[in-house]
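Participant: From the sequence below, what's the structure:
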Amino acid sequence: MAKKNQTLGEFIIENQSDFQYSSGELSRLLNSIRLAAKVVNHEVNKAGLVDITGAAGDTNIQGEDQQKLDVYANDVFIQTMTDRNIVCGIASEEEDDFITINSQDELHQNKYVVLIDPLDGSSNIDVNVSVGTIFSIFRRITPVGTPVALKDFLQTGDKQVAAGYVVYGTSTMLVYTTGKGVNGFTLNPALGSWYLSHPNMQFPVDGQIYSVNEGNYLDFPEGIKKYIKYCQSEEEDRPYTSRYIGSLVSDFHRNMIKGGIYMYPKSTKNPKGKLRLLYECSPMAFIAEQANGVASDGYKRIMEIMPTELHQRVPFICGSKNMVEKAEEFMLKFKE
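Facilitator: Okay, here's the model as predicted:
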């Protein structure tokens, strides 16, 4: 039974029997993620004091400019998980291809692969807006003792064994699920420990917030345009409030607490969508569904989409159940 102010370490140990495969390996993996998150948090909090903000001068596989903190966070998470010898493979939004990790004792003996967006919303770091980390964990499907393969990473979201995010904001929180609900832990910077602050997090069934980049309105599908007008109409309990930070983690986190819908649909500029299925949408969908929310591409569950490539993009609609289902109604009615 979750107890408020319980440490993350205590919570993981107490609940590891809930894991389908309770060998302790997944617990150690989650512990390594919390350690890396503390290191990244320390660096994020120094932004403006040291030369860690701004562009790094490189682009990632998607052709986007890498920020210095993108590179730093990517290195920290990969190094932490590699050094602790607990994963057999890592895929990062910042890397062209997946990374194979050899076990120190025997070749490729570990059972889990991790997919990670090391610093979501990093373009906001220069202006002191909240950013985050998103992670997703799968059991490998290739035999233990062999090198990992692409198919170990290209699994549907409903095969995830754990997923979570860290939000580096006014306080730093780690929120995660292993398929037994969603719990949030807040970092006490004085002690360096994470404490259970938000047990059993749930999306309200309805909400009053819609989050979308309305600057792209003219490029959106007709169904999304109609839904936005629905949100703005003065009927029943509307108009809704428009809130868009531009950091998926931050927008998602707010909407889960207060009730709302987040939308990043396809557009004429991004006909396949903008967000990455494996690094952003799939883990957030797992969290949403475990928190009584819904995640969709506009027509079907994100968790059921079979990935075909590491950096695949999809449309993403996520949040309070009734709001997402209403958006899907508009998408179906005005299907193009």
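
Participant: Could you pull up the mean pLDDT of stretch 88-96?
Facilitator: Stretch 88-96 carries an average pLDDT of 94.

Participant: what sits up against that stretch?
Facilitator: Identification of contacts with stretch 88-96 by Cβ atoms under 8 Å, 6 or more residues apart in numbering yields 60-62, 66, 70-71, 74, 77-78, 81-82, 97-101, 103, 108-118, 140, 144, 148, 152-153, 276, 278-280, 310-311. C-beta: built from backbone N, CA, C; applies to glycine.

Participant: What's the end-to-end length of it?
Facilitator: 17 Å (Cα to Cα, to the nearest Å).

Participant: Report the buried residues of that stretch.
Facilitator: For stretch 88-96, the neighbour count (16 or more other Cβ atoms under 10 Å) marks 88-95 as buried.

Participant: Just put those residues in CSV and tack on distance to residue 17 and secondary structure.
Facilitator: Shown next, in CSV, are the buried residues of stretch 88-96 (distance: Cβ to Cβ, whole Å; DSSP: H, G, I helix; E, B strand; the rest coil):
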residue, distance to residue 17, secondary structure
88, 23, coil
89, 26, strand
90, 27, strand
91, 29, strand
92, 31, strand
93, 32, coil
94, 35, coil
95, 34, coil
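
Participant: Same list (those residues) but as a markdown table, adding distance to residue 133.
Facilitator: As requested, the buried residues of stretch 88-96 are exported to a markdown table (distance: Cβ to Cβ, whole Å):
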| residue | distance to residue 133 |
| --- | --- |
| 88 | 21 |
| 89 | 18 |
| 90 | 13 |
| 91 | 14 |
| 92 | 11 |
| 93 | 11 |
| 94 | 12 |
| 95 | 15 |
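
Participant: Mind picking out the helix or strand in the chain with the poorest mean pLDDT?
Facilitator: The helix or strand of the chain with the poorest confidence is strand 55-59; it has a mean of 50 (mean pLDDT, DSSP states H and E).

Participant: between the buried residues of stretch 88-96, which is nearest residue 206?
Facilitator: The closest of the buried residues of stretch 88-96 to residue 206 turns out to be residue 93 (Cβ to Cβ; 32.4 Å).

Participant: State the phi and psi torsions of the most centrally placed residue in the chain.
Facilitator: Centroid-nearest residue in the chain: residue 134, 3.5 Å away (criterion: Cα atoms, centre = their mean). Dihedral pair for residue 134: phi -120, psi 140, per degrees, to the nearest 10.

Participant: Pretty sure residue 249 is one of the things it touches, is it not?
Facilitator: Yes: Residue 134 lies in contact with residue 249 (Cβ atoms under 8 Å); the separation is 6.4 Å.

Participant: which neighbours do the two share?
Facilitator: Jointly contacting residue 134 and residue 249 under the rule Cβ under 8 Å, 6+ apart are 120, 165.

Participant: what's the closest non-adjacent residue to residue 245?
Facilitator: residue 251 (5.1 Å; Cβ to Cβ, 6 or more residues apart in numbering).

Participant: what's around the one you found, how many residues?
Facilitator: 25 (other Cβ atoms under 10 Å).

Participant: who are the neighbours in contact with it?
Facilitator: Counted by Cβ under 8 Å, 6+ apart, residue 251 has contacts 211, 243-245, 262.

Participant: so how far is residue 202 from it?
Facilitator: Using Cβ to Cβ, to the nearest Å, we find residue 251 at a distance of 17 Å from residue 202.

Participant: before we move on, what about residue 110?
Facilitator: 33 Å.

Participant: neighbour-wise, which of these two wins?
Facilitator: A count of neighbours by other Cβ under 10 Å puts residue 110 above the other of residue 110 and residue 202, at 20 against 16.

Participant: Wait, that one touches residue 102, no?
Facilitator: No: using Cβ under 8 Å, residue 110 is not in contact with residue 102; the gap is 9.2 Å.

Participant: Can you list the buried residues in the helix or strand where the residue nearest to residue 245 lies?
Facilitator: Using DSSP states H and E, residue 251 maps to helix 248-258. The neighbour-count check on helix 248-258 (16+ other Cβ under 10 Å) flags 248-256 as buried.

Participant: where in the stretch 51-200 of the chain is pLDDT low?
Facilitator: 51-66, 103-108 (pLDDT under 70).

Participant: now with 50?
Facilitator: Along the stretch 51-200 of the chain, the model assigns pLDDT under 50 to residues 51-54, 56-57.

Participant: Tell me where it has strands.
Facilitator: Using DSSP state E, counting those that start in this stretch, the strands of the stretch 51-200 of the chain run over 55-59, 65-67, 89-92, 99-100, 112-120, 131-139, 160-168, 172-177, 182-188, 193-198.

Participant: Quickly compare the ones you listed and say which is most buried.
Facilitator: Among the strands of the stretch 51-200 of the chain, ranked by average contacts under mean count of other Cβ atoms under 10 Å, first place goes to strand 112-120 (a mean of 27).

Participant: now for it, which elements pack on it?
Facilitator: helix 25-44, helix 68-83, strand 89-92, strand 131-139, helix 150-153 (3 or more Cβ pairs under 8 Å, 6 or more residues apart in numbering; DSSP states H and E).

Participant: Many thanks, I have nothing further to ask.
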